[in-house]
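Q: got a structure for you, letters missing:
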């Protein structure tokens, strides 16, 4: 753990990424308030993301369509185009790489870079070059905010200070004064529940948090995360340990015509196959399946324990078993608004062990061979040409390739 004497990190955050990509791609949307929605022709959904023009009218991300229309009657609702955002993301990264190597992609609209000696001396020139390159080779409607600081955490906080399209430079000798102007809610790692806990402990601003002892912050967070945050806020360069893959899953808001048990099952089936494909591409087996439903009177969830499997047949059989529980627990008239399926208890492919109490080795190998062949054919043609069972996409499509800030979809997610 080092204490840098100068700025060493750049953090870049695209402004209103999904909406700005839509405006760049469609000139009719430029300068107008727009909201990205999962699908059109219903008020029973929310605005996933919105443009700068809509935000100036009070519209916020994850706001119901009804509330957005009340605040901004002329808002244009644009159905999501996840594959467009994926392609825009890859294009933007390629142009940034032509200026500076990318150290880590943190989400679909955020990334961080390490600075060399010259870039540390002239960060303003680097920021101007990045912005000019994106404007010329991608488009002027996709803007970004950039923060410079000694470490990644401080650079991320800095890049939020002057949004949109701003540049903020926090040199070690300038801190901590600028940091004390940041609210607790704007510090990465301080979510809603932690914010409430801090207030209850008498920590109501960033300066008080900054002056809290590191061991006490560890106690507040109940783990080393709090202590690591202390060192990050004080300018130390920390290398976070690599996280291990814990699960693969997909969720989806259902269009109105799919909000029945039958319609929800059809969508869940597709989500499961998409999650299983991702799991196989990453080289894992799973031994657990979790299903959850958001329904009109709350939520319902169910799980199944499996031997270590990855083939579609075993996973679809497990889904059918869990769904039978869902049918028994919910009336036929239940309304299901959102579904999700998760594969967990992962095992790397090379470490899988067969269950000695199950006499299904030969059958399982046949289904795995069939699944491998299916994946190979779909990969060859770049789309789903063969599948186990029906393949009927719901209204709005995008099953498994949804809009996402935290996970960048792969091209295969859209097959």
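A: Nice, I can see it. Everything quoted here is computed from the prediction, not taken from an experiment.

Q: how is the chain carved up into domains?
A: Using automatic domain parsing, the domain ranges for the chain come out as 1-174, 176-234, 247-414.

Q: Point out the most buried one among those.
A: domain 1-174 (a mean of 18; mean count of other Cβ atoms under 10 Å). C-betas here are computed from N, CA, C, even on glycine.

Q: Test for you: state the pLDDT assigned to the residue nearest to residue 332 when sequence neighbours are not counted.
A: Distances taken as Cβ to Cβ, 6 or more residues apart in numbering place residue 261 nearest to residue 332, at 6.6 Å, with adjacent residues excluded. According to the prediction, residue 261 has pLDDT 90.

Q: ok, residue 261 - contacts?
A: Contacts here follow Cβ atoms under 8 Å, 6 or more residues apart in numbering; on that basis residue 261 touches 326, 327, 330, 332, 334, 336.

Q: go on, residue 79?
A: Counted by Cβ under 8 Å, 6+ apart, residue 79 has contacts 36, 37, 38, 39, 40, 396.

Q: can you tell me how far it sits from residue 66?
A: Counting by Cβ to Cβ, to the nearest Å, the gap between residue 79 and residue 66 amounts to 17 Å.

Q: go on, residue 97?
A: Distance of residue 97 to residue 66, computed by Cβ to Cβ: 42 Å.

Q: can you map out the strands along the stretch 151-300 of the chain?
A: Along the stretch 151-300 of the chain, the segments classed as strands by DSSP state E, counting those that start in this stretch run 167-169, 247-253, 284-295, 298-309.

Q: Lowest mean pLDDT across these, which one is that?
A: Ranked by mean pLDDT, the strands of the stretch 151-300 of the chain bottom out at strand 247-253, with a mean of 88.

Q: Just give the strands next to that strand in its sheet, each with its orientation.
A: Applying DSSP bridges, strand 247-253 is found paired with strand 336-348 (antiparallel).

Q: so where's the stretch 151-300 of the chain uncertain?
A: 240-244 (pLDDT under 70).

Q: can you map out the helices along it?
A: Ranges of helices in the stretch 151-300 of the chain, per DSSP state H, counting those that start in this stretch, are 152-159, 192-200, 206-210, 214-221, 224-233, 261-281.

Q: right, and out of the contacts of residue 79, which lies closest to residue 90?
A: Lowest distance from residue 90 to these (Cβ to Cβ) belongs to residue 36, with 19.1 Å.

Q: And the host helix or strand of residue 369, how far out from the chain middle?
A: Element membership for residue 369, per DSSP states H and E: helix 361-381. The chain centre lies 29 Å from the centre of helix 361-381; the measure is Cα atoms, centre = their mean, to the nearest Å.

Q: Next: stretch 60-80.
A: Here stretch 60-80 shows a centroid-to-chain-centroid distance of 21 Å under the convention Cα atoms, centre = their mean.

Q: coming back round to it: least confident of the contacts of residue 261?
A: Within the contacts of residue 261, lowest confidence goes to residue 332 (80).

Q: Now residue 114: phi and psi?
A: Dihedral pair for residue 114: phi -90, psi 140, per degrees, to the nearest 10.

Q: That one pairs with what?
A: Counting by DSSP bridges, residue 114 is bridged to residue 9.

Q: what about it, distance to residue 181?
A: Residue 114 is 26 Å from residue 181, by Cβ to Cβ.

Q: Could you do residue 399 as well?
A: Noted for residue 399: a distance of 44 Å to residue 181, by Cβ to Cβ.
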